[in-house]
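Colleague: fold the following.
(chains A and B)
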Number of protein chains: 2
Amino acid sequence: MPSRVEIHYCTQCRWLLRAAWMAQELLTTFEDEIGELVLKPGSGGVFEVRADDQVVWSRKEAGRFPEITELKQVVRDVIAPERHLGHADRKTGDR
Amino acid sequence: MPSRVEIHYCTQCRWLLRAAWMAQELLTTFEDEIGELVLKPGSGGVFEVRADDQVVWSRKEAGRFPEITELKQVVRDVIAPERHLGHADRKTGDR
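Modeller: Next up is the predicted model:
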C-alpha cells in the first residue's frame, strides 16, 4: 500500500526550503513506495518527519536535523524495510 | 480551517521538479491558509492540482501547465477568495 510521508516544518524558522528539498529526495528515492508526500507548515521550531504516522525524525528530540542519508534510512525502515539503499546504507552510523 | 492543496504529477514525465517548485510557491503565498501541501506521484501524463478536493487545474483539460500566477489565482479562489494577490492579480488574463 502506498505510504504517506509527512514533513512538519516551522515557517517562522524559514525551513520550507530544506523541507521541500528533503521531500524531493524522498520522492525520488521512494518513487514506488510513497503515495503522498505532505509538506505541513508549522511553528515553534518544529521539524518532524512521519512515515505512515510514525515519527521517524524529531528535531526537538535529536537536537539536530537529519543527514539526508539517515533520513532515508529511517523512512525506509518504516515504508520499505526490505529495501537496500546503496550508497546511503554504506554510511550507517557515519555523520 | 486550514486547506489541503494537492499536486498530482506524473513521475515518468519527470514533473517532480516543477510540482515541487509550484508547491513552494503556493506554500509561500498561502502560508496561513494551507494546512497540508501534498505532492502525489502519478503516471500517464497526469498534472492535476486540487484545492480542498476541487480540481483547480488539470493539464489534460487545459492542454498546458498553468502560469504560476494563474495557478495562485485558481487556488486562491477556493481557499482564500477574499485575498488579493498583488502583482499576480494584475496579470489576470495575461499570458
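Colleague: all helices for chain A, in order.
Modeller: For chain A, the helices defined by DSSP state H cover A:16-29, A:59-62, A:68-79, A:87-90.
Colleague: got a markdown table for those, with mean pLDDT too?
Modeller: Formatted as a markdown table, the helices of chain A follow (pLDDT from 0 to 100):
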| stretch | mean pLDDT |
| --- | --- |
| helix A:16-29 | 98 |
| helix A:59-62 | 98 |
| helix A:68-79 | 97 |
| helix A:87-90 | 73 |
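Colleague: between the ones you listed, which gets nearest to chain B?
Modeller: helix A:16-29 (5.0 Å; Cβ to the nearest Cβ). C-beta coordinates here come from the backbone N, C-alpha and C atoms, glycine included.
Colleague: who touches the closest one?
Modeller: For helix A:16-29, contacts defined as Cβ atoms under 8 Å, 6 or more residues apart in numbering or on different chains pick out A:5, A:7, A:9, A:34, A:37, A:39, A:41, A:47, A:49, A:65, A:68, A:71-72, A:75, A:85, A:88, B:16-17, B:20, B:23-24, B:27-28, B:39, B:41.
Colleague: kindly report the residues of chain A close to chain B.
Modeller: With Cβ under 8 Å from any Cβ of the partner chain as the criterion, chain A meets chain B at residues A:11, A:16-17, A:20, A:23-24, A:27-28, A:31, A:34-41.
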